[in-house]
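Asks: model this:
(one chain, ligands or ions: 1)
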Amino acid sequence: MASRFKLALIQICTQRYREHNLKKAEQMIREAARNGASVVVLPEYFTCWMDPKYFIEYKELPDGPTSTMLSRVAKETNIHLFGGSFPEEIPNSDKLYNTCHIYGPTGELTQRFRKLHLFDVDLGPGMSIRESELNVAGDKLTVVNVAGCKTGFGICIDLRYPEIARLYGNMGCQMLTYMGGFSMKTGPSHLEILQRVRAVDNQVFVANVGPATNTEAPYVTYGHSGVADPWGNMIAKTGSDEDIVYADIGQYNCFLVLYLDHPCFCC
Ligand SMILES: NC(=O)CCC(=O)C(=O)O
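Replies: Predicted coordinates for the structure are as follows:
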């Protein structure tokens, strides 16, 4: 890895109105930049509560209010900004994408990632979620090079798919960034272990950032944003409340050399 950088994960507690969330996100990004972060990551759906009603109310085209704010703040604070996700309107369609925009320090949109796997699950009585009823899945892996560190992207449930992480590993990524609003049901058992195993399997840093827990929201998120290092240790982690989590990326001495490009015997 060419150089070190300070990564900040913004665990915002989202509220009912987008205007509030954009303002709060801007304040938290500015705070992270003042504290020396050069790469700042927002969570999945930081603009609105995670529920079809709010996705429809706050859907945006790619040049909407969220993108305008993110581009301006990335430029004014001179950072790389991995802009969480927002419900992206698809012209002439009733469906939406779950989209992350990635900005460079001059405010330019450098990449776009759309969630690859939709959250369709039954989690016991009264908890069935069918993200595919409103959303369309993306179909592209996305890699960004920041300070010599190639980073691959995923959104939430994408973390459950080892194949994606392996593809990114084979593309030379040293960090994987997931923006994930894990559920209260699955998060406590699965979130940390998924991050740690993806990190060890692929010898990469794995960051995940979700919205803070807000019990007033229709879908309550688990929070617990953090970073696993390639050895599988959590080098940064927070709880359920609104917070900013920092990690130094690039300080890792790797003693485990895995030749990840060797063919796997089962495929
Ligand atoms: N928004 C999501 O994709 C949630 C994924 C989740 O909670 C899981 O357990 O997977």
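Asks: which residues does the residue nearest to the spatial centre of the chain contact?
Replies: Taking C-alpha atoms, centre = their mean, the centroid of the chain lies closest to residue 179, which sits 1.6 Å from it. By C-beta atoms under 8 Å, 6 or more residues apart in numbering, the contact list for residue 179 reads 41-44, 82, 84-85, 100, 153-156, 208-210. All C-beta atoms are positioned from the backbone trio N, CA, C, and that covers glycine.
Asks: Same question for residue 216.
Replies: Contacts for residue 216 (C-beta under 8 Å, 6+ apart) come out as residue 16.
Asks: For it, give its distance to residue 186.
Replies: Distance from residue 216 to residue 186, counting by C-beta to C-beta, to the nearest Å: 20 Å.
Asks: Looking at the contacts of residue 179, which is nearest the ligand?
Replies: Using C-beta to the nearest ligand atom, residue 156 is the member of those that lies nearest the ligand, at 3.1 Å.
Asks: hang on, the earlier thing: tell me, which of the contacts of residue 179 make contact with the ligand?
Replies: Subset of the contacts of residue 179 in contact with the ligand: 44, 156, counting by C-beta under 6 Å from any ligand atom.
Asks: I'd assumed residue 13 was in a helix, is it?
Replies: No. Counting by DSSP: H, G, I helix; E, B strand; the rest coil, residue 13 falls outside a helix, being coil.
Asks: Going by proximity to the ligand, name the top residue of the stretch 1-150 of the chain.
Replies: Closest point on the stretch 1-150 of the chain to the ligand, by C-beta to the nearest ligand atom, is residue 119, at 3.6 Å.
Asks: Of all the residues in the host helix or strand of residue 68, which ones are buried?
Replies: According to DSSP states H and E, residue 68 maps onto helix 65-77. Buried residues in helix 65-77, counted by 16 or more other C-beta atoms under 10 Å: 66-67, 69-71, 73-75, 77.
Asks: Now do the helices in this protein.
Replies: If DSSP state H is used as the criterion, the helices of the chain fall at 18-34, 52-57, 65-77, 162-170, 187-202.
Asks: Can you list the low-confidence ranges for the stretch 151-267 of the chain?
Replies: By pLDDT under 70, the low-scoring segments of the stretch 151-267 of the chain are 251-267.
Asks: Would you mind listing what in it touches the ligand?
Replies: Proximity of the stretch 151-267 of the chain to the ligand, by C-beta under 6 Å from any ligand atom, involves residues 156-157, 160, 181-183, 186, 190.
Asks: now those in JSON lines, with neighbour count?
Replies: Below are these laid out as JSON lines (neighbours: other C-beta atoms under 10 Å):
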{"residue": "156", "neighbour count": "27"}
{"residue": "157", "neighbour count": "23"}
{"residue": "160", "neighbour count": "16"}
{"residue": "181", "neighbour count": "27"}
{"residue": "182", "neighbour count": "27"}
{"residue": "183", "neighbour count": "23"}
{"residue": "186", "neighbour count": "16"}
{"residue": "190", "neighbour count": "15"}
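Asks: got a markdown table for the helices of the chain, with distance to residue 247 too?
Replies: Formatted as a markdown table, those follow (distance: least, C-beta to C-beta, whole Å):
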| stretch | distance to residue 247 |
| --- | --- |
| helix 18-34 | 12 |
| helix 52-57 | 30 |
| helix 65-77 | 18 |
| helix 162-170 | 18 |
| helix 187-202 | 12 |
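Asks: Count the residues that sit near residue 201.
Replies: Neighbour count for residue 201, taken as other C-beta atoms under 10 Å: 17.
Asks: got the contact list for it?
Replies: Residue 201 is in contact with 162, 165-166, 169, counting by C-beta under 8 Å, 6+ apart.
Asks: my read: residue 242 touches residue 212, true?
Replies: Yes. Proximity of residue 242 to residue 212 meets the contact threshold set by C-beta atoms under 8 Å, at 4.5 Å.
Asks: Just the CA coordinates for stretch 130-146, please, in CSV.
Replies: Presented in CSV, the C-alpha positions along stretch 130-146 are these (Å, rounded to 0.1, in the frame of the first residue of the first chain):
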residue,chain,number,x,y,z
ARG,A,130,-38.7,-7.7,0.1
GLU,A,131,-36.3,-5.0,-1.2
SER,A,132,-36.8,-6.3,-4.7
GLU,A,133,-40.5,-5.1,-4.8
LEU,A,134,-39.2,-1.5,-5.2
ASN,A,135,-35.6,-1.9,-6.1
VAL,A,136,-33.5,-3.1,-9.0
ALA,A,137,-30.0,-4.6,-8.3
GLY,A,138,-26.9,-3.1,-9.8
ASP,A,139,-24.6,-5.2,-12.0
LYS,A,140,-21.1,-3.7,-11.6
LEU,A,141,-18.2,-4.0,-9.2
THR,A,142,-16.7,-0.7,-8.4
VAL,A,143,-13.0,0.0,-7.5
VAL,A,144,-11.5,3.3,-6.5
ASN,A,145,-7.8,4.0,-5.9
VAL,A,146,-7.3,6.3,-2.8
